[in-house]
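# let me see the structure of the following:
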Amino acid sequence: MKIATYNINSINRRLENLLRWLQEAKPDIVCLQELKCEQHKFPERQLKEAGYNAIWQGQKSWNGVAILSKTEIKELHDDLPGEDEEFTHSRYIEAFTNGLVIGCIYLPNGNPWPGPKFDYKLRWFQRLADHAKDLVNRELPVILVGDYNVMPTELDTYKPEKYVNNALFRPETREAYRHLVDQGWTDAIRTLHPNERIYTFWDYLRQAYERNAGLRLDHFLLNKAIAPKLIKAGVDKLVRGWEDSSDHAPVWIELAGKAAKPTKTMKKEKPEKPAKSFLDESKDSQTVQVDGCPLTFNHLSKVYWPQEGITKRDMFNYYDQVAEYMVPYLKDRPMSLHRFPDGINGLAFYQKDVKDKAPDCMSTMPHTTSDGVEKEYLVAKNKASLLWMASLGCIEINPWFSRVGSPDNPDFCVIDLDPDKQHFDQVIEAAQKVREVLHAIDVPCYPKTSGSTGMHIYIPLGAKYTYDQSQMFAKIIVTLVHKQIPEFTSLERMVKNRGGKMYLDFLQNRPDATIAGVYSLRPKPGATVSMPLNWDEVKPGLTMCDFTIHNAIGRLKETGDLFHGVLGEGIDLVKTIQKAQSVF
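Numbers count the residues shown, from 1 in each chain. Alright, predicted model coming up:
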């Protein structure tokens, strides 16, 4: 298998060179940096015609990263975990393809030194190191590849004395790279060529390429699971000499073993929106009878997901079509309304009291909250209830765990896997541990993606127990799971006390608490959906981006409702705890 990285330095300007090199070099996977193009201007069609699927994160004028693959590719991250308020750059993207996790990196340049850009470079480097620490010991093969904008040693520059005060060669930068490698990563080129001056970049000035006055800025770091398969590495230096070439040359490694068979799947190929619509496409506002209830839908063309161009109309059509699957999990449940009247980037707020606001055709329930406040909750009954919530800007749907007939007795217990700095594969590992514990005590459980960063695991209770009993049971389960994977999980309620670890949340099992319901859209990029899974789907490579407004209905028509067992008879909690005591 051949994997390459190439700082293309403006993908559309140098597309002809890129396509020529892809045809000649035939890499299986390619990481690209410095795209210098906006998201919608990425040359997806041309790369697809060349045989490559792609994911990308664009940015106007500068930066931008992409991963190409001859086989199916699933996006895992479009940025590093953590935030930096001073700068917002498209510099990291991560994918699962060919059985590998690939992180594509375009590290900040940092010049001039000293200064705020150099400080940002070091902060970004630390964010990368924090993320890499979670990947280096994974059983899944991981490669972090790209333009690191660092010359790690004097061998990596033709004239070390020239770069003493350059951010790419400063001791602080080299130390940051050394600290990263010392986590247990293998620097592919330096491992195979320990004493050679190998360059990957030549400046445009002073005939640097002709004089071979180069720098090594592009690196492959391999984790322990894949490093033993490294057999070859090199630089396609001739490409740097092509007319109007990038100042970087493509760099590549070869791994033992064959690449997966190419596929025509294109991760970011825009799927068709559902054809069925209960709304008149020619109107921007209309009133429709739903279950005998007149509902008004306004501003249908308002964009709710700006990056994807997904509108309120699209959201209403989704909920209209998913209602037959979703309503059974909403029926007779009080609802917490999470409203996004201006879409996912606008201000949002919760509304629980609908007194004097709900139409006469809606059902409500008076309720005194745990802090003594009197409220009148909406009670979902049918599709009309769902669509009325959507008409208020409720992108996500948040039902109670219990119904109005038994408000103190939840129908299910929920374990919420809430990651912080963890890779999604670690969420999957935690979910599998939960299942192992529950399987050992003969307890059925049903997983679903949260539609955001985590996963939810439901256990049917049949409204036979109190919230306190449900919470106690959840605590027993997560405590057993935490003992197995304490290195990246936590039972601490306070975020500051978790140390960046994944929270195994059992406290959701309390009165009035809600989480995004099954089949709910989420106010996240991509219009993701909280989707039920078969347990054999809960494996490395699964991502929150796999289930969206575009493909959820098609999936449901194929799989049916995988979550129906959640509303079943429920477990015998006394016998279950006795079994747990005997097993554990």
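# list the contacts for residue 223?
Listed by Cβ atoms under 8 Å, 6 or more residues apart in numbering, the contact partners of residue 223 are 135, 136, 137, 138, 141, 142, 143, 184, 185, 186. Placement of C-beta: from N, CA and C, glycine included.
# average pLDDT across stretch 91-105?
In this model, stretch 91-105 has an average pLDDT of 92.
# give the contact list for the residue nearest to residue 199 when sequence neighbours are not counted.
The spatial neighbour of residue 199 that comes closest, neighbours along the chain excluded (Cβ to Cβ, 6 or more residues apart in numbering), is residue 214 at 2.7 Å. Residue 214 makes contacts with 157, 158, 199, 200, 201, 202, 208, as judged by Cβ under 8 Å, 6+ apart.
# now intersect the residues you listed with the helices, please.
Among the contacts of residue 214, no member falls in helices (criterion: DSSP state H).
# what helices or strands is whatever helix or strand residue 481 lives in leaning on?
Using DSSP states H and E, residue 481 maps to helix 467-484. Contacts defined by 3 or more Cβ pairs under 8 Å, 6 or more residues apart in numbering; DSSP states H and E place helix 467-484 against strand 412-418, helix 424-440, strand 489-490, strand 502-505, helix 573-583.
# and that helix, average pLDDT?
Mean predicted lDDT for helix 467-484 stands at 97.
# what residues sit buried inside it?
467, 469-478, 480-482 (16 or more other Cβ atoms under 10 Å).
# what does it rub up against?
Contacts for helix 467-484 (Cβ under 8 Å, 6+ apart): 401-402, 408-410, 413-415, 430, 433-434, 437-438, 459, 461, 465, 489-491, 504-511, 573, 576-577, 580, 584.
# give me the angle between the helix or strand bottoming out on mean pLDDT in the chain and helix 424-440.
Lowest by mean pLDDT, DSSP states H and E among the helices and strands of the chain is strand 73-77, with a mean of 86. Following axes from the mean of the first three to the mean of the last three Cα atoms, to 10 degrees, one obtains 100 degrees for the angle between strand 73-77 and helix 424-440.
# about what we covered before: including mean pLDDT, could the helices and strands packed on helix 467-484 go into JSON lines?
JSON lines is the format used below for the helices and strands packed on helix 467-484 (pLDDT from 0 to 100):
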{"stretch": "strand 412-418", "mean pLDDT": "97"}
{"stretch": "helix 424-440", "mean pLDDT": "94"}
{"stretch": "strand 489-490", "mean pLDDT": "96"}
{"stretch": "strand 502-505", "mean pLDDT": "96"}
{"stretch": "helix 573-583", "mean pLDDT": "93"}
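# still on that earlier bit, selecting buried members of the contacts of helix 467-484 in ChimeraX, what would you type?
To isolate the buried subset of the contacts of helix 467-484 in ChimeraX, counting by 16+ other Cβ under 10 Å, use the following:
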select :401,402,409,410,413,414,415,430,433,434,437,438,459,461,465,489,490,491,504,505,506,508,509,511,573,576,577,580
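# that older thread, tabulate the helices and strands packed on helix 467-484 (CSV), appending distance to residue 564.
Shown next, in CSV, are the helices and strands packed on helix 467-484 (distance: least, Cβ to Cβ, whole Å):
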stretch, distance to residue 564
strand 412-418, 12
helix 424-440, 18
strand 489-490, 30
strand 502-505, 24
helix 573-583, 21
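# between those, which one is nearest to residue 25?
With Cβ to Cβ as the criterion, residue 25 lies closest to helix 424-440 of the helices and strands packed on helix 467-484, at 29.6 Å.
# which other residues reach that closest one?
76, 101, 134, 138, 140, 415, 417, 419, 444-445, 447, 453-455, 457, 459, 477-478, 480-481, 484-485, 488-489, 502, 504, 535, 538-544, 583-584.
# which parts of it count as buried, going by neighbours?
424-435, 437-438.
# and if you look at stretch 311-325?
311-323, 325.
# could you export it as CSV, CA atoms only?
Written as CSV, here are the backbone C-alpha positions of stretch 311-325 (Å, rounded to 0.1, in the frame of the first residue of the first chain):
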residue,chain,number,x,y,z
THR,A,311,-33.2,24.6,4.8
LYS,A,312,-36.1,24.6,7.2
ARG,A,313,-38.1,23.0,4.4
ASP,A,314,-35.6,20.1,4.3
MET,A,315,-35.9,19.7,8.0
PHE,A,316,-39.7,19.6,7.9
ASN,A,317,-39.6,17.1,5.1
TYR,A,318,-37.3,14.9,7.1
TYR,A,319,-39.5,14.9,10.2
ASP,A,320,-42.6,14.3,8.1
GLN,A,321,-40.9,11.1,6.6
VAL,A,322,-39.3,9.8,9.8
ALA,A,323,-42.4,10.3,11.9
GLU,A,324,-43.7,6.7,11.4
TYR,A,325,-40.4,5.5,13.0
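# how distant is that stretch from the center of its chain?
23 Å (Cα atoms, centre = their mean, to the nearest Å).
# nearest to residue 549, of the contacts of residue 214?
Nearest member of the contacts of residue 214 to residue 549, counting by Cβ to Cβ, is residue 200, at 41.1 Å.
# ok, back up a step: residue 231: which of the helices and strands packed on helix 467-484 is closest?
The nearest among those, by Cβ to Cβ, is helix 424-440 at 25.5 Å.
# following the closest one in sequence, what is the next regular element?
strand 446-449.
# for that next one, name the packing helices and strands.
strand 455-460.
# which elements pack onto the strand it packs on?
Using 3+ Cβ pairs under 8 Å, 6+ apart: strand 455-460 touches strand 412-418, helix 424-440, strand 446-449.
# and for the least confident helix or strand of the chain, what's in contact with it?
53-55, 67, 92-97, 101, 103, 265, 267, 423-424, 541-543, 545-546.
# just checking: what are the partner strands of it?
Strand pairing for strand 73-77, determined by DSSP bridges: strand 92-97 (antiparallel).
# and the contacts of the following helix or strand past the partner strand?
Following strand 92-97 in sequence order, the next helix or strand is strand 100-106 (DSSP H and E). Residues outside strand 100-106 that contact it (Cβ under 8 Å, 6+ apart) are 3, 5, 7, 29, 31-34, 63-67, 76-77, 90-96, 128, 131, 135, 138, 140-149, 226, 423, 425, 540.
# contacts only, for the spatially closest residue to residue 403 that is not a sequence neighbour.
Leaving aside its sequence neighbours, residue 403 sits nearest to residue 332 (Cβ to Cβ, 6+ apart; 4.1 Å). Residues counted as contacts of residue 332 (Cβ under 8 Å, 6+ apart) are 379, 380, 381, 403, 404, 405.
# pull the distance from the helix holding residue 481 to the chain's centre.
27 Å.
# do you know the pLDDT at residue 454?
The model's pLDDT for residue 454 equals 94.
# my read: it touches residue 415, true?
No - applying Cβ atoms under 8 Å, one finds residue 454 not in contact with residue 415, separated by 10.2 Å.
# who touches both of the two?
Joint contacts of residue 454 and residue 415 (Cβ under 8 Å, 6+ apart) do not exist.
# SS state for residue 232?
strand (DSSP: H, G, I helix; E, B strand; the rest coil).
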